[in-house]
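Peer 1: Okay, predicted coordinates and the sequence, questions at the end:
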Amino acid sequence: MANRGKKRRVLSYLLSYDTNLIVSVIFLIVFGLIMLYSASYYTASMRQSFNYDSAYFLKSQLKYSVVGLVLMMIVANIDYKKWRYFAVLGLVGSAVLILLLLVPGLGVNVKGATRWIRVPGLGQFQVAEPVKVAMIIFSAAFICKYASALNNLRTFIKVMIPTVVISAMILKISDNMSTALIVLGISFLMAFMVYPKYYPFVILAVAGALAAAGIIYYSMNMADSDSAFRIGRIQAWLDPYAEEYADKSYQPLQALYAIGSGGLFGKGLGNSIQKLGGIPEPYNDMIFAVVCEELGVFGAGIVILMFIYLLYRLYSVAQQAEDLFGRLLAIGVFAHVALQVLLNLMVVTSLMPTTGVTLPFFSSGGTATVFLLIEIGMVLNVEKKSRFKRERELREARLE
């Protein structure tokens, strides 16, 4: 009887998850798949590179979503505290992955940027996605190590140095400013949750604004193609109707036309006009514009509310975590999702210059989906361990 009771408790533990968090993730995945098919079927059916298959992107994203969900459930049953032992390995691995982009034959150049690695027999994957996961784990472990001394600016800067180095490598080698900012922002928010004072963040925010202004000024006075490209995007954002910036302002303007034409309830699922050649690659960064055009403010609001609910659940797990490492892991995933969603929506609505930030679970991208679901799996384990610990303490208290 005792063995049977023990087996039952083990099975109950293995099958016990935060159903609210899982349901919100599955809802976003299903909704995202529907919108991805709607946004991509025309383009896919017209191009030989996609085998003229209207469901090309749907099939690919569905495959990766299933793989990601399976990995999510596996990771959800791995004690999150064990990830701490792989923190340094994650940091070193991140640096190695970024450096591999420089290796001829491995790095894949797309539209002038090398952000993918080709794996023989398996295809290619975007380096930034595993790096985000690795840096969340490393930052959580590193901040925990110095948590007791994290009450002065020097220690705070020391904690941030590894992330700054990785972010600089991403920016320099893969020319991916958006990912560099997201990685830096994740660690910054994780440290913010632990640091007891606020003035260093004000100082760093001012320093960051001055650095950004300096980079813009430097770019405007440099003739290299990268600087000219970035400053051109900023100028196109400031004056989108100027003829000299027409090539750079075309995509954001088309996205705004799509959003504006959607009205309150949209034109109906599948009835977007802008995806028929107006918005280049509408299944990628600008997919939210298609959501607005087809489903209107109502549909876009549902998507935003579901992301808000997902973030609420992630933050709730962080608040109830049994230790600092678990809390920081949950905050890291929260920061990743929040920053990526916020930046994507700001780009689509032209609240900031165009940059390559995808919308989680909606934009096409198998690597991003798989690794984000792995992050969700870590949070599920943090919630499970914390909940079972509270329940055990409650039972022990009742027995006393």
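Peer 2: Ah, there it is.
Peer 1: shaky segments in this protein?
Peer 2: Along the chain, the parts satisfying pLDDT under 70 run over 1-15, 111-113, 121-123, 149-150, 196-201, 204, 208, 211-230, 399-400.
Peer 1: What ranges does it have for its helices?
Peer 2: In the chain, helices defined by DSSP state H lie at 2-14, 19-46, 56-75, 87-100, 128-145, 153-174, 177-194, 199-220, 225-238, 246-262, 287-320, 324-348, 366-399, listed in chain order.
Peer 1: now these in a markdown table, with mean neighbour count and distance to Lys275?
Peer 2: To be clear about C-beta, it is placed using only N, CA and C from the backbone, and glycine gets the same treatment. Listed next are these as a markdown table, based on neighbours: other CB atoms under 10 Å; distance: least, CB to CB, whole Å:
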| stretch | mean neighbour count | distance to Lys275 |
| --- | --- | --- |
| helix 2-14 | 10 | 43 |
| helix 19-46 | 19 | 5 |
| helix 56-75 | 18 | 12 |
| helix 87-100 | 17 | 33 |
| helix 128-145 | 23 | 25 |
| helix 153-174 | 17 | 28 |
| helix 177-194 | 21 | 23 |
| helix 199-220 | 12 | 33 |
| helix 225-238 | 16 | 22 |
| helix 246-262 | 19 | 8 |
| helix 287-320 | 20 | 5 |
| helix 324-348 | 23 | 13 |
| helix 366-399 | 18 | 21 |
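Peer 1: With distance to Pro120 added, can I get those in CSV?
Peer 2: Shown next, in CSV, are the helices of the chain (distance: least, CB to CB, whole Å):
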stretch, distance to Pro120
helix 2-14, 36
helix 19-46, 26
helix 56-75, 19
helix 87-100, 13
helix 128-145, 18
helix 153-174, 21
helix 177-194, 25
helix 199-220, 38
helix 225-238, 30
helix 246-262, 34
helix 287-320, 31
helix 324-348, 30
helix 366-399, 17
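Peer 1: Quick one: closest of those to Arg115.
Peer 2: helix 153-174 (4.6 Å; CB to CB).
Peer 1: isn't Lys248 right next to Pro280, touching?
Peer 2: No - assessed by CB atoms under 8 Å, Lys248 is found out of contact with Pro280, at 11.9 Å.
Peer 1: Need the contact partners of stretch 142-155.
Peer 2: Applying CB atoms under 8 Å, 6 or more residues apart in numbering, the contact partners of stretch 142-155 are 84, 87, 156, 158-159, 162, 190-191, 194-197, 200, 203, 324-325, 328.
Peer 1: can you do 6 Å?
Peer 2: Val159, Met190, Ala191, Val194, Tyr195, Pro196, Pro200, Leu324, Phe325, Leu328 (CB atoms under 6 Å, 6 or more residues apart in numbering).
Peer 1: Tell me the spacing between the last one and Glu281.
Peer 2: As for Leu328, its distance to Glu281 is 35 Å (criterion: CB to CB, to the nearest Å).
Peer 1: And the third one, by the same measure?
Peer 2: Separation of Ala191 from Glu281 (CB to CB): 35 Å.
Peer 1: Now do the longest strand along the chain and helix 366-399, the angle between them.
Peer 2: For the chain, the strand that runs over the most residues, judged by DSSP state E, is strand 113-119. Angle of strand 113-119 versus helix 366-399, following axes from the mean of the first three to the mean of the last three CA atoms, to 10 degrees, is 80 degrees.
Peer 1: Counting by contacts, list what strand 113-119 packs against.
Peer 2: strand 107-110, strand 123-126 (3 or more CB pairs under 6 Å, 6 or more residues apart in numbering; DSSP states H and E).
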